[in-house]
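[1] model this:
(3 chains)
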Amino acid sequence: MRIARYENAQTVAPAPSAAPVTRRRAAKGATRAGAADDTARERPTTAGADGGAGDIARTLMRWYDENARDLPWRRPDASPWSVLVSEVMLQQTQVSRVEPAWKRWMERWPTPAHLAADPPGEAIRAWDRLGYPRRALRLHACAAAIVERHDGVVPDDVEALLALPGIGIYTARAVAAFAFRQRHPVVDTNVRRVVARSVAGTADGGANTTPADLRAVEVLLPEDHEEAARASIAFMELGALICTSRAPRCPECPLADVCAWRRAGFPPSDSAKRTQQYHGTDRYVRGLLMAVLRASDDPVPAERLDAVWPDADQRRRALAGLLTDGLVNQRHDTYTLPG
DNA sequence: GACTCGTGGTG
DNA sequence: TCACCAAGAGT
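    Next up, the predicted model:
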């Protein structure tokens, strides 16, 4: 795990303190020595005293059993295709926004062959406002590749998955682990953060998954494949629910007793946050153009696209980019989603 | 490795 | 309010 840089104190979550409810209990008076920190009582389990790697995974799995969200793509009857779709939708998009879109998507296109049989523009339209519509286009291309290369069956090995459009280092491993219950380190931003804090003692992980990250997580996984798959999703769930980027709930964390970041006094991160404005950017104008095209069943005249944004130069850049990306087709002076 | 690519939730 | 940030991938 790459050692994190330090960010300015402003963006760092305050070192977690006892919640009011724990204060009340403390006021009643804990007499046992060492019981003053009754935040420990709120933790369902604690990691083993030796702090071994296996203990972290097992502690996390026990915590996961009690605290995991009931998400449809995690259910035992979820198909590999449905898991793959969920993973692509979840790339940079919150669970709360993905869930309804995923349900509609799976009802309409229950297999790769169903999706591949429809034009890519329909995938882009159904993607609606999930963001990054190139993901929809790649997911459609992914379905077509699965049909062509794998007889419509989602492949179960990482290398074959990695070769599919829109499937990168994270998603390939996530599908192999969660859909096929294989033993692979699955490293996303949540896992990088959990391991950076609990093991390395730094506030956050790196921006991308490195081979070193994969090795650091691999040694934490149980040997058993099914248990490794459960541990992997438990790491992610802890990062999503407890060990969050902004306001971690350390008093509720099952790893609090072994957390290196906590032991070190919650040293801040110095990772430079890049100021990202959205409104008025080329990306924003792309979004405006795509919204018009998604909403129309007929070819859209250029004048209608011209109306979405006053800056003609910016409009032209955005539209050119969309054409280059294959998200938009041009016919004479009209535009459509790709057919 | 830095940069691009949407949209909305949140503290 | 507003800056951060959310299960990354591709170039």
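[2] Burial check on the residue in chain A that DNA strand B sits nearest to, number of neighbours?
    Nearest residue of chain A to DNA strand B, counting by CB to the nearest atom of the strand: A:G287, 1.5 Å away. C-betas here are computed from N, CA, C, even on glycine. A:G287 has 17 neighbours, counted by other CB atoms under 10 Å.
[3] swap in A:R108?
    Count around A:R108 with other CB under 10 Å applied: 13.
[4] likewise the one 10 residues further on?
    For A:D118, the number of neighbouring residues by other CB under 10 Å comes to 15.
[5] same check, this time on A:E226
    A:E226: 11 neighbours (other CB under 10 Å).
[6] wait, it sits on A:F178?
    No: taking contacts as CB atoms under 8 Å, A:E226 lies outside contact range of A:F178: 11.3 Å.
[7] where does the stretch 1-150 of chain A come near DNA strand C, residue by residue?
    A:11, A:71, A:73-74, A:86-87, A:90-95, A:131-132, A:138 (CB under 7 Å from any atom of the strand).
[8] Kindly identify which of these also come near DNA strand B.
    A:Q92, A:T93, A:Q94, A:G131, A:Y132.
[9] biggest separation within the residues you listed, which pair?
    The most widely separated members of those, counting by CB to CB, are A:Q94 and A:Y132 (12.9 Å).
[10] Would you map the strands across chain A?
    Secondary structure of chain A by DSSP state E: the strands cover A:300-301, A:329-331, A:334-336.
[11] is DNA strand B contacted by the last one?
    Spelled out, that is strand A:334-336. No: on the criterion CB under 7 Å from any atom of the strand, strand A:334-336 is out of touch with DNA strand B, staying 14.9 Å away.
[12] Can you list the strands that that strand pairs with?
    As defined by DSSP bridges, the strand partners of strand A:334-336 come to strand A:300-301 (antiparallel), strand A:329-331 (antiparallel).
[13] Pick the most buried one from those strands.
    Mean neighbours per residue, mean count of other CB atoms under 10 Å, is largest over the strands paired with strand A:334-336 for strand A:300-301, with a mean of 16.
[14] Report the rounded mean pLDDT for that one.
    The pLDDT scores in strand A:300-301 average 98.
[15] The stretch 101-250 of chain A: helices as residue ranges?
    For the stretch 101-250 of chain A, the helices defined by DSSP state H, counting those that start in this stretch cover A:112-117, A:120-127, A:134-150, A:158-162, A:169-178, A:189-195, A:211-218, A:225-241.
[16] could the ones you listed go into JSON lines alongside mean pLDDT and distance to A:L60?
    Formatted as JSON lines, the helices of the stretch 101-250 of chain A follow (pLDDT from 0 to 100; distance: least, CB to CB, whole Å):
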{"stretch": "helix A:112-117", "mean pLDDT": "98", "distance to A:L60": "32"}
{"stretch": "helix A:120-127", "mean pLDDT": "98", "distance to A:L60": "33"}
{"stretch": "helix A:134-150", "mean pLDDT": "98", "distance to A:L60": "29"}
{"stretch": "helix A:158-162", "mean pLDDT": "98", "distance to A:L60": "23"}
{"stretch": "helix A:169-178", "mean pLDDT": "98", "distance to A:L60": "14"}
{"stretch": "helix A:189-195", "mean pLDDT": "97", "distance to A:L60": "9"}
{"stretch": "helix A:211-218", "mean pLDDT": "96", "distance to A:L60": "12"}
{"stretch": "helix A:225-241", "mean pLDDT": "98", "distance to A:L60": "4"}
